[in-house]
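Trainee: For reference, the sequence and a predicted model appear below.
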Amino acid sequence: MSMFLHPLDPLSHAEQELIVAHARKAWNLGPHHIFAMLQLQEATKAELASSEALERSARVTMWNRKSAIVTEGVITTSGAVLSYQEIPG
């Protein structure tokens with residue numbers, strides 16, 4: 001079931017909830033992690049031009065209240081982790 005009409009449509013509420021659930025599980029996030037930003041990771045022009053079905057993904061920025069560390073990752077709506085890194089500063 002598709003939750004979007006166009007690959008560049010904003011993430012739906014259902015997609016956001018799904019991504020947050022996958023991120024919490026994949027990155028072992030606890031109650032001390034705050035989601036600072038969650039946005040669509042846009043497909044490339046080549047991916048948009050392809051006839052293949054696109055899997056949507058999101059760029060997620062989180063803040064750990066205990067350690068004051070900011071992390072950023074990209075995760076798909078199916079829970080596949082594409083990247084995860086600490087942001088210096």
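Mentor: Nice, I can see it.
Trainee: Centroid-nearest residue for the chain?
Mentor: A58 (2.7 Å; CA atoms, centre = their mean).
Trainee: Checking it next. Helix, strand or coil?
Mentor: Three-state call for A58 (DSSP: H, G, I helix; E, B strand; the rest coil): strand.
Trainee: so how many other residues sit close to the nearest residue to it once chain neighbours are set aside?
Mentor: Spatially, and ignoring its direct neighbours in sequence, A58 is nearest to I19 (4.7 Å; CB to CB, 6 or more residues apart in numbering). Just so you know, the C-beta spots here come from the backbone N, C-alpha and C atoms, and that holds for glycine as well. Using other CB atoms under 10 Å, I19 has 24 neighbouring residues.
Trainee: How about V60?
Mentor: 24.
Trainee: Hmm, it is touching G73, no?
Mentor: Yes - with contacts counted by CB atoms under 8 Å, V60 reaches G73, the gap being 5.3 Å.
Trainee: shared neighbours of those two, anything?
Mentor: Common neighbours of V60 and G73, using CB atoms under 8 Å, 6 or more residues apart in numbering, are A23.
Trainee: how far does the helix or strand of the chain with the lowest mean pLDDT sit from the chain's center?
Mentor: Here the helix or strand of the chain ranked lowest by mean pLDDT, DSSP states H and E is helix 45-49, holding a mean of 90. Offset of helix 45-49 from its chain centre (CA atoms, centre = their mean, to the nearest Å): 19 Å.
Trainee: ok, now stretch 11-19?
Mentor: Offset of stretch 11-19 from its chain centre (CA atoms, centre = their mean): 9 Å.
Trainee: which outside residues touch it?
Mentor: By CB under 8 Å, 6+ apart, the residues outside stretch 11-19 that reach it are M3, F4, L38, Q39, L40, R56, A58, V60, I75, T77.
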